[in-house]
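# Need the 3D shape of this:
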Amino acid sequence: MISYDLKKVSEIVNGQLHGDPEARIKGVHFDSRAAKEGMLFAPIIGEKVDGHSFVAGLFEKGIAASFWQKNDPLPLPEGNIIVVDDVQAALQKLAAHYRRTLSCHFIGVTGSSGKTSTKDIVYSVVSQKFKTCKTFGNQNNDLGVPLTVMNVDDDAEYMVAEMGINDIGVMDRLVTMVQPEITVISSIGPAHIAQLGSMDGIVEQKCLINRDLGNGQCFYNQASYGLRKHLEEMGLQNRAIGYGFEQDCDIVAEDYQLNDEGTSFTCKGKKYSIPILGRHQVLNALAAIGIGEMLGIEYEKIREGLANVKLTPHRLQLRKIRDAVIIDDSYNCNPSSLVASLQMVLQYNRSYHKTVVIGDMLELGETSPQLHSGIADEIDFRQFDDVVLIGREVEALGENLRCQGIEYRLFTDNAEARQYLLPYLKKGNVLFFKASNGMHFASLIDSLEEE
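Got it, this is the predicted structure:
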C-alpha cells in the first residue's frame, strides 16, 4: 500500500502543499465513507455531490491529508491540503508513479463482458502458487483503478487488475497506471457502443490494453468479433494466444457439460471443473489455464484453483430463496452477455420450471431498440416457462416476442414485478435475473429474500 510523505506526493502531482511536508499518508480513497485514519482523501466533484464538502469532517476523523481542486468554490478547510488542477488527474498520476516502484507483476483483464469473472478465475489459479492480489469488487474504471494500484500489498508477486472502459481515451489512462505484463481480452460486444462508436471502435479501444505490452503476453477469446485480426495487425512482440471451443485455437475446451454444481470440461486431455454455470465461463477458465501454464503452475494446482473459484457477487451467483433456485446475474448487462447467460439457463437442469427476469440494458444509445429486440432472434424464448420484462427499453424485446407468439409479462418497475414473482419462490423453480446495474436488480432479489 502506498505510503509517502506529503512533500513527495505534492511533487509527484505538481500540487501546492498547505501543511506539514513530513506528514505521511498510508492509503488513498475517493469515497468519504471508506476514507480511514491516516489516508489521503481525493474529493471528486460528481453530478449531485461535491466531495470537497466532506473534507473538513474527515480531518476530524483522522485522515492525514486531502487533495483539493483549485477552482472549487468551497472555503479551504484547516488541515494538510494539496491543491491540484484536477483531483482525478492527480489521483491517476500518483497511481502511475507508485506502479513504477512496484516489483509486482500486473495481469490486466478487459472485455465487453466477463471481465470480473475472468479476474476472479485468474486470481484463483495464480494465487495457488504466488502471493496475489486482485481488483476489489468492480473498481475497474479510471477512478477505481488508481485505488487498485495504490492498495497492492507490499509483498504481492502478482496483481490481477480489471480494466473497464466506457469511452475513448479511458484505456490509455488505465494502461499508463497499470502497465500490464500479461493481458486478457474476454469478449467484444456492443457495451458502451454509444460512446465508442462502433463494434470496430470497441475492438480498437479494448486492444489498447496491449499498448505497452512489450515482451508480455496477450490471451484473448478467439471467437470474439474482430479480435484475431486486430491483434495480428498490432504487431505484438509475442503472438497473442487465442482460446475457445474451435479446434484452431491455441487453447481448446472440449466435452463441456453443465450440471447443478457448475460446469466441467477438458483441455489438452485434462479434466477441469468450475463451480460456476455457463459455457462462457469455460472460456474465462481457459484464459486462467493458459496463464497458469505460462507461469509454471502445475496441473493439480490449476485444477484446484478452478474448482475453488469464488466469484464477485451478482455474477451468475447461485442463491436459494425459500426453496427456489435463484441465478443472480444482476450486476450488469449487455446484449452479448445476456445471450450467453440465457443460453446457460436453457442448459440448466431441465426438470426445473424456468422463469427469466430481464431488465433494461443501458448506455446502448440509438441502437438500443434494435439490440433489445434482437435478443428474441438469438434465443428461443419458447423454452422458458415464464418471461418477465422490467423497464422501458425492454419493451422492444417484448414487441418481438409478441410477434413470435410468445407470452411475457411487462412491468415498469421492480416493486410491481416483486409482487408477481413472490409465488414463484417454491421448490422446483429456478429464477434468473439480469439487467444493467442501474436497474437495481440486486435490491430486487434482496427484497424477495426479505419477504
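
# CA only for contacts and neighbour counts going forward, please
Will do.

# Beta-bridge partners for D50, please?
Going by DSSP bridges, D50 is paired in beta bridges with I45.

# wait, L258
For L258, the beta-bridge partners are T263 (DSSP bridges).

# thinking it is in contact with G278, fair?
Yes - using C-alpha atoms under 8 Å as the test, L258 is close enough to G278 to be in contact (7.1 Å).

# The two: which has the busier surroundings?
For L258 and G278, the more surrounded residue by other C-alpha atoms under 10 Å is G278, and the numbers stand at 25 against 20.

# which regions of the protein sit below the pLDDT cut-off?
Scanning the chain with the threshold set as pLDDT under 70 gives 260.

# Now do the nearest residue to I44 once chain neighbours are set aside against G278, distance only.
Taking C-alpha to C-alpha, 6 or more residues apart in numbering as the measure, I44 lies nearest to G51, with 4.9 Å between them; neighbours along the chain are not counted. For G51, the distance to G278 under the criterion C-alpha to C-alpha, to the nearest Å works out to 40 Å.

# Same check on S103?
To G278, S103 is 36 Å away according to C-alpha to C-alpha.

# same deal with K36?
Look at K36 and G278: by C-alpha to C-alpha, they are 39 Å apart.

# ditto for V13
The gap separating V13 from G278 is 45 Å, by C-alpha to C-alpha.

# and what of V87?
Distance of V87 to G278, computed by C-alpha to C-alpha: 41 Å.

# what does L401 give?
Between L401 and G278 the distance is 24 Å, computed by C-alpha to C-alpha.

# again with I81
With distances taken as C-alpha to C-alpha, I81 is found 49 Å from G278.

# I302 now?
Following C-alpha to C-alpha, the distance that separates I302 from G278 is 19 Å.

# just A156 next, same as before
Distance from A156 to G278, counting by C-alpha to C-alpha: 31 Å.

# which SS class is the spatially most central residue of the chain?
Among the residues of the chain, the one closest to the centroid is T116, at 3.7 Å (C-alpha atoms, centre = their mean). Using DSSP: H, G, I helix; E, B strand; the rest coil, the three-state assignment for T116 comes out as helix.

# The one 5 residues further on too?
Applying three-state DSSP to I121 yields a three-state assignment of helix.

# Could you find the closest non-adjacent residue to it?
Of all residues not flanking I121 in the chain, V309 sits nearest, at 5.8 Å (C-alpha to C-alpha, 6+ apart).

# try G226
Spatially, and ignoring its direct neighbours in sequence, G226 is nearest to V203 (6.4 Å; C-alpha to C-alpha, 6+ apart).

# all strands of the stretch 51-200 of the chain, in order?
Read by DSSP state E, counting those that start in this stretch, the stretch 51-200 of the chain holds these strands, from start to end of the chain: 65-69, 81-84, 105-110, 132-134, 158-162, 182-185.

# In CSV: those strands, plus mean neighbour count and distance to T367.
Shown next, in CSV, are these (neighbours: other C-alpha atoms under 10 Å; distance: least, C-alpha to C-alpha, whole Å):
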stretch, mean neighbour count, distance to T367
strand 65-69, 27, 37
strand 81-84, 23, 39
strand 105-110, 24, 23
strand 132-134, 22, 34
strand 158-162, 27, 27
strand 182-185, 28, 24
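
# OK, contacts around V252?
Taking C-alpha atoms under 8 Å, 6 or more residues apart in numbering as the definition of contact, the neighbours of V252 are Y243, G244, F245, E246, C267, K268, L286.

# Next, the contact list for the third one, please.
What that stands for is F245. Here F245 is in contact with V252, A253, E254, L283 (C-alpha under 8 Å, 6+ apart).

# Helix or strand: which one has the last one?
Looking back up the chat, that one is L283. helix 279-294 (DSSP states H and E).

# what sits against the residue nearest to I289 when sequence neighbours are not counted?
Residue nearest to I289 in three dimensions, not counting chain neighbours: I302, with 6.6 Å by C-alpha to C-alpha, 6+ apart. Contact criterion C-alpha under 8 Å, 6+ apart gives V125, V126, Q128, I289, G292 as the residues in contact with I302.

# Could you measure from E450 over to L444?
Remark: distance between E450 and L444 (C-alpha to C-alpha) = 10 Å.

# higher neighbour count, the two?
Neighbours per residue (other C-alpha under 10 Å) separate E450 from L444, with L444 holding more: 18 against 8.

# did I read that right, R319 in a strand?
Yes - under the criterion used here (three-state DSSP), R319 sits inside a strand.

# what's the burial count for it?
Using other C-alpha under 10 Å, the number of residues around R319 comes to 17.

# ok, what's across the strand from it?
When bridges are assigned using DSSP bridges, the partners listed for R319 are I326.

# Quick check, it in contact with L425.
No - taking contacts as C-alpha under 8 Å, R319 lies outside contact range of L425: 11.6 Å.

# For N151, which residues are in contact?
By C-alpha under 8 Å, 6+ apart, the contact list for N151 reads M1, I2, G27, V28.

# give me that answer again for 10 Å
Taking C-alpha atoms under 10 Å, 6 or more residues apart in numbering as the criterion, N151 is in contact with 1-3, 26-29, 95, 133-136, 145.

# again, but for F54
If you count contacts by C-alpha under 10 Å, 6+ apart, F54 has them with D31, S32, R33, F41, P43.

# repeat for F433
F433 makes contact with 314, 316, 326-331, 341-342, 355-359, 388, 441-442, 444-445 under the criterion C-alpha under 10 Å, 6+ apart.

# Using just helix, strand and coil, how would you label it?
Three-state secondary structure (criterion: three-state DSSP) places F433 in strand.

# Repeat that for the one 5 residues further on.
In terms of secondary structure, G438 is helix; the call rests on three-state DSSP.

# Check V345 too.
Each residue gets one of three states, and V345 gets helix by three-state DSSP.

# And it, how far from G27?
In this structure, V345 lies at 42 Å from G27, with C-alpha to C-alpha as the measure.

# Likewise for I297?
In this structure, I297 lies at 32 Å from G27, with C-alpha to C-alpha as the measure.

# now swap in D20 and tell me
Separation of D20 from G27 (C-alpha to C-alpha): 17 Å.

# Compare those two (neighbour count), which wins?
When D20 and G27 are compared for neighbours, G27 comes out ahead with 22 against 15, by other C-alpha under 10 Å.

# Just to be sure, L410 is in a helix?
No - judged by three-state DSSP, L410 forms no part of a helix; its state is strand.

# Looking at strand pairing, list the partners for it.
For L410, the residues forming beta bridges with it (DSSP bridges) are L389.

# I274 too?
For I274, the beta-bridge assignment (DSSP bridges) gives partners T263.

# got it, and T110?
Judged by DSSP bridges, the bridge partners of T110 are I185.

# which ones are touching it?
Neighbouring residues of T110 by C-alpha under 10 Å, 6+ apart: 116, 118-119, 140, 161-165, 171, 183-188, 206-207, 209, 220.
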